[in-house]
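> Model the following, please.
(chains A and B)
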There are 2 protein chains.
Amino acid sequence: MTKNLRAFLAVIILIAAEPHLFAYTGERADLIVAGGTVVTMNAAAGIIENGAVAIRGERIIAVGTKAEISARYRAARIINATGKVVMPGLINTHTHVPMVLFRGIADDLLLPEWLQKYIFPAEARNVDEQFVRWGTRLGCLEMIRGGTTTYVDMYYFETAIAEETARAGMRAVLGETVLDFPAPDNKTWDAAIDYVETFAKKWKGHALITPAIAPHAPYTVSTEHLKQAHDLAVKNDIPLIIHVAEDSAEIKTIQDKYGASPVAYLAGIGLLDNRTIAAHMVWPTDDDIRTLASREAGVAHCPQSNMKLAAGAAPVPRMLRAGVEVGLGTDGAASNNDLSMWEEMDTAAKLHKLISKDPTVLNAREALEMATIRGARAIHMDKEIGSLEPGKRADLIIVGMNSEHQTPLYNVYSHLVYATKASDVDTVIINGRLIMFNRRVLTVNEVLVRGKANEYRDQVRKSLGLK
Amino acid sequence: MTKNLRAFLAVIILIAAEPHLFAYTGERADLIVAGGTVVTMNAAAGIIENGAVAIRGERIIAVGTKAEISARYRAARIINATGKVVMPGLINTHTHVPMVLFRGIADDLLLPEWLQKYIFPAEARNVDEQFVRWGTRLGCLEMIRGGTTTYVDMYYFETAIAEETARAGMRAVLGETVLDFPAPDNKTWDAAIDYVETFAKKWKGHALITPAIAPHAPYTVSTEHLKQAHDLAVKNDIPLIIHVAEDSAEIKTIQDKYGASPVAYLAGIGLLDNRTIAAHMVWPTDDDIRTLASREAGVAHCPQSNMKLAAGAAPVPRMLRAGVEVGLGTDGAASNNDLSMWEEMDTAAKLHKLISKDPTVLNAREALEMATIRGARAIHMDKEIGSLEPGKRADLIIVGMNSEHQTPLYNVYSHLVYATKASDVDTVIINGRLIMFNRRVLTVNEVLVRGKANEYRDQVRKSLGLK
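Take a look at the predicted model:
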């Protein structure tokens, strides 16, 4: 056989095997992720072996088998996911992202000592707009590398957080914290409310950023101020984020002050509705659980943070059975100490088996739902994100399944929850844009961010008189 | 300045800066790990910044500052650990290593269904010597990549496991399982006892492998056979590994049959002493804890396995206070589903805070001790391993501290327990030999092992009639 004949035959075989590569007909897609196991997290579509996802602009336009998608669409770019899992990006429903700069500053302490000797003075002496920017860059870097595509935040200087998050290409619900004490950014309640108004107006409608208001907790914000925060949320049509029922001390404080559980008290003043994202929810009563379900308030469950601070184990199986939408969150890295949603899934599934004394509770698929579609429902964004479906935002990740700790593979849900690590995430697409490719983050300067984080560490240490 | 002059000056500067590179005097070392933070896990030595460890043959000969070590020793090879942590290799005190080939075969089931529908038939139809060899290769690969240098095993065909473990260059205590039922290797009790006698004689005194006998549990081995197993352990001077007090069903069974708790029963028949490694120990009474301490029996705590199977939370803080030596174990990958000791440390520290309702319980340093020096004591090998000290076996790991999830670094114990992952381990030295360098495992053919594991997966699925 001559060289030319061999080359000709090779081209013919290639065209027969991969016709989409040569198709100049069909509908236009900007990007097709093709091959691999597509885990849709859509109840009807389930798992598609040798599947594909077509993306146009910011949205998914088709999900199906590779054969179907290649027959119908031609794309400017094709990413090969053969041998990997293609799934919705993870949703971290509760964090305080700039606190990565306090990661591991103090652990294993009683809450009052931890807060009063470390966290409060460290924040008072160090948190300014620049600190928040660099913390957000570092936090986004860590979340992107772990396959998180959306996060819900509660901190200060959220305008700066919004700018840095959008720059990193991540999706976020960003709650500016308001409370009855001077904060690093706003020294009075009125100033904070003005800040949120401006913040909400500026970012409302942005493709990536959803501005929100975050009254800190029922024990740090007065009834009058809580109502005012809720009015602002309704007026601007934005979410309201709040810590609720995190530990038994809070339950006692609210019971003593208002004669009700935190949930009953908040429901009574009209604060719980389908725009609420209630973080922690470790100690709801059965009545509280019914209230959360009927008011359609979402819950952010933070199993590792609640364990580490000895807050308790939230009654997640009971909440899920009652129809409460519960997502997973890492909480801030000062108390966890990382932003890996894989570890939260793994811990949630195991913790609730232990607490329920029943190994069938919270199975792998349910844990994965809490990190994706249920998380989306808990933050009231399930029309936009949380599963791979035509019309939704193109937030998806490609996860390698070939590491030694994932070998061999029997069941994909089991492996994603019980064996996969943040380091197995290969590629991240958010809002149709390639954000990480083959573990290289394309939107954050890693070297610069690490160097700056170390500088802040030195500054924080010095500010607390630590060696 | 001429080229020659510049070259001459460069050499002079280099000699001045790094004189050890050019020293032909001083005592001989085979390998020096220099620079970085040396976390000795030795109570007296603590942490040495810009430290070094000198190794000759199979042992550590010196630990000190880099300046001290370079002044005193010249080495054939120097590994630069600047910016990283140098620490003892991790000790996994309980696993069933070949079960990695069943990783994720079935989860989220009640124990009887899990065992009888999946694990027992899968073992009966698939486990032979070749299966065990390939499973051991895969398990060793995963453990090495996660910085585990010693593991304690309990399975069948332990002679094959010993050969493969020694080939992978790992240290292990390998317990051949004996029980009152036919096993994949030995069909009768007498055959099993003969097997262990031969196994013990063959491997006793090996630099890496400690042979052991592993009567499965008090409910699967008769009193007479337990005594016989213990006699064999004493006669051959080998450890005895046994599952004890894992779940409440076992407590009831033993109470009904022998009128005592599992620990009291075993102590009564002379089975608990300073050669015992008791796995799980979820349900000891206060009396049992005193017995374990006075008999000097070691305990292998498996927090993630116990959570996932809803067995319970072992009273680790109480055992530690009573002076029981407690190490950490992953259990087999069929029930966990990985062999990462980093996750066991993190989970142990958080779980016992939750259960004790006290965030000061089991601090980061104590969790790290359980994975190193306390684990060594629990398996009765603390004279040989578990800390970086002259005279001990050269089992050490170099851990990168520069990932985004470890940035910034305030406290090294906190970061090792709460932020570091298996994927951060950079280099592994076992018994003075370089086993992994810059994340490349030098003793196991990864591609071959993964391929073979997938073949076994297909075979196992078929044998169970699974798709």
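> Could I get the contacting residues of residue A:119?
Going by CB atoms under 8 Å, 6 or more residues apart in numbering or on different chains, residue A:119 touches A:102, A:105-106, A:334. For glycine as for every other residue, the C-beta is placed from the backbone atoms N, C-alpha and C.
> swap that for residue A:361, sorry
If you count contacts by CB under 8 Å, 6+ apart, residue A:361 has them with A:317, A:352-353, B:108, B:310.
> mind listing which of the residues you listed are in helices?
Of the contacts of residue A:361, the ones assigned to helices by DSSP state H are A:317, A:352-353.
> Show me the subset of these that also lies near chain B.
residue A:353 (CB under 8 Å from any CB of the partner chain).
> any idea which of the ones in helices among the contacts of residue A:361 is closest to chain B?
Chain B lies nearest to residue A:353 out of the ones in helices among the contacts of residue A:361, by CB to the nearest CB, at 4.5 Å.
> pLDDT value on the closest one, please?
We have a pLDDT of 98 for residue A:353.
> One more: the one 3 residues further on?
As predicted, residue A:356 sits at a pLDDT of 97.
> got it, and residue A:1?
pLDDT for residue A:1: 54.
> and if you look at the one 3 residues further on?
Predicted confidence (pLDDT) at residue A:4: the value is 76.
> and it, that's in a strand?
No. Read with DSSP: H, G, I helix; E, B strand; the rest coil, residue A:4 is helix and lies in no strand.
> What count of nearby residues applies to it?
8 (other CB atoms under 10 Å in any protein chain shown).
> Which one of the contacts of residue A:119 is nearest to chain B?
So of those, ranked by how close each gets to chain B (CB to the nearest CB), first place is residue A:105, at 4.9 Å.
> give me the element the closest residue to that closest one other than its chain neighbours is part of.
Distances taken as CB to CB, 6 or more residues apart in numbering or on different chains place residue B:410 nearest to residue A:105, at 4.9 Å, with adjacent residues excluded. Under the criterion DSSP states H and E, no helix or strand holds residue B:410.
> ok, residue B:410 - contacts?
A:103-105, A:457, A:460-461, A:466.
> Which one of the contacts of residue A:119 is nearest to residue B:387?
Comparing the contacts of residue A:119 against residue B:387 with CB to CB places residue A:106 closest, at 25.8 Å.
> from what I can see the closest one touches residue A:117, true?
Yes. In this structure, residue A:106 is within contact of residue A:117 by CB atoms under 8 Å, at 7.3 Å.
> and the two? which has more neighbours close in?
Each of residue A:106 and residue A:117 has its neighbours counted (other CB under 10 Å); residue A:106 has more, 20 against 13.
> That one: which element?
Per DSSP H and E, there is no helix or strand for residue A:106.
> Repeat that for residue A:134.
With DSSP H and E as the test, residue A:134 turns up in helix A:129-145.
> Mind giving me the packing neighbours of the following helix or strand past that helix?
Using DSSP H and E, the next helix or strand after helix A:129-145 towards the C-terminus is strand A:148-155. Helices and strands touching strand A:148-155, by 3 or more CB pairs under 8 Å, 6 or more residues apart in numbering or on different chains; DSSP states H and E, are strand A:90-95, strand A:171-178, strand A:240-244.
> Paired strands for the longest one, with orientation please.
Using DSSP bridges, the strands paired with strand A:171-178 in its sheet are strand A:148-155 (parallel), strand A:209-215 (parallel).
> How about residues contacting the last one?
If you take CB under 8 Å, 6+ apart as the criterion, strand A:209-215 is touched by A:152, A:154, A:158, A:162, A:165-166, A:171-179, A:196, A:199-200, A:202-204, A:221, A:225-226, A:229, A:232-233, A:236, A:238-242, A:277, A:381.
> Now do that strand: distance to the chain's middle.
14 Å (CA atoms, centre = their mean, to the nearest Å).
> Residues of the stretch 251-400 of chain A that sit close to chain B?
A:304, A:306-310, A:312-313, A:336-340, A:343, A:346-347, A:349-351, A:353-354, A:356-364.
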